[in-house]
Structures are given as structure tokens and as C-alpha cells.
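[1] predicted model and sequence follow; I will ask about them next.
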Amino acid sequence: RGPPPPPPPPPPEKQPTPADGGYVDLETLKSSPPDYVDPSRKEDYLSDADFEAAFKCSRADFKVLKGWKQQNLKKACGLF
């Protein structure tokens, strides 16, 4: 018998996502978002409070808006 095999390497560090509380503040999203942020969905990385302060509506209200209206709101907030 030889020596035991080496332990497996640790799993790669998981990047935070909105689903697990990986929120990013509005100013960071506008200037230099982290690599894990999907540029087409920056609004998803805002906390609920930051989202409502920036867009002046809830996420639910935003999601039912037509695409062009969402884009106009994102442009107004500097997220497009």
C-alpha cells in the first residue's frame, strides 16, 4: 500500500448572486460593477430598498412594464 491519495481541492468560491443576498449598491453598479454582475440585468443586483429608491416602484411593478419602459427607467438611473 502506498500513501493515501491527496484530499480533493476545495470547491471554487461561489460568486454572490441576488438570490443569496449578493447585493451591490447603485453607485458601484453604475461605475464599476463586479465581474459576476450580468450587465443586462444590473437592476437584479440592487437590494429591494435600493431598487425602490432608484426606480420609484417595486420590482413587481417594474417587471410588468413593457421592455422599452424598463430600458428608459434603467437609462434614467444610469444602469443601461
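    Thanks, I have it. Residues are numbered from 1 along each chain as shown.

[2] okay, the residue most central in space within the chain and residue 5: tell me how far apart.
    Central residue of the chain (Cα atoms, centre = their mean): residue 45, 2.5 Å from the mean position. Note on residue 45: its distance to residue 5, by Cβ to Cβ, to the nearest Å, is 40 Å. All C-beta atoms are positioned from the backbone trio N, CA, C, and that covers glycine.

[3] cool, and residue 58?
    Residue 58 is 53 Å from residue 5, where distance means Cβ to Cβ.

[4] element containing the nearest residue to residue 25 once chain neighbours are set aside, please.
    Computed as Cβ to Cβ, 6 or more residues apart in numbering, the closest residue to residue 25 that is not its neighbour in sequence is residue 50, at 6.3 Å. Remark: residue 50 resides in helix 48-55, with elements defined by DSSP states H and E.

[5] any buried residues in the longest helix along the chain, and which?
    For the chain, the helix with the greatest residue count under DSSP state H is helix 67-77. Of the residues in helix 67-77, those with enough neighbours to count as buried (16 or more other Cβ atoms under 10 Å) are 70, 73-74, 77.

[6] what do you get for stretch 41-60?
    Buried positions in stretch 41-60, judged by neighbour count with 16+ other Cβ under 10 Å: 42-43, 45-46, 50-51, 54-55.

[7] can you name the two of the residues you listed that are farthest apart?
    Longest distance between any two of those is 13.3 Å, between 45 and 55; criterion Cβ to Cβ.

[8] between the two, which contacts overlap?
    Shared contacts of residue 45 and residue 55, defined by Cβ atoms under 8 Å, 6 or more residues apart in numbering, are absent.

[9] ok, now how distant is residue 29 from residue 45?
    In this structure, residue 29 and residue 45 are 6 Å apart, going by Cβ to Cβ.

[10] show me where pLDDT drops low in this protein?
    Regions of the chain meeting the criterion pLDDT under 70 cover residues 1, 9-21.
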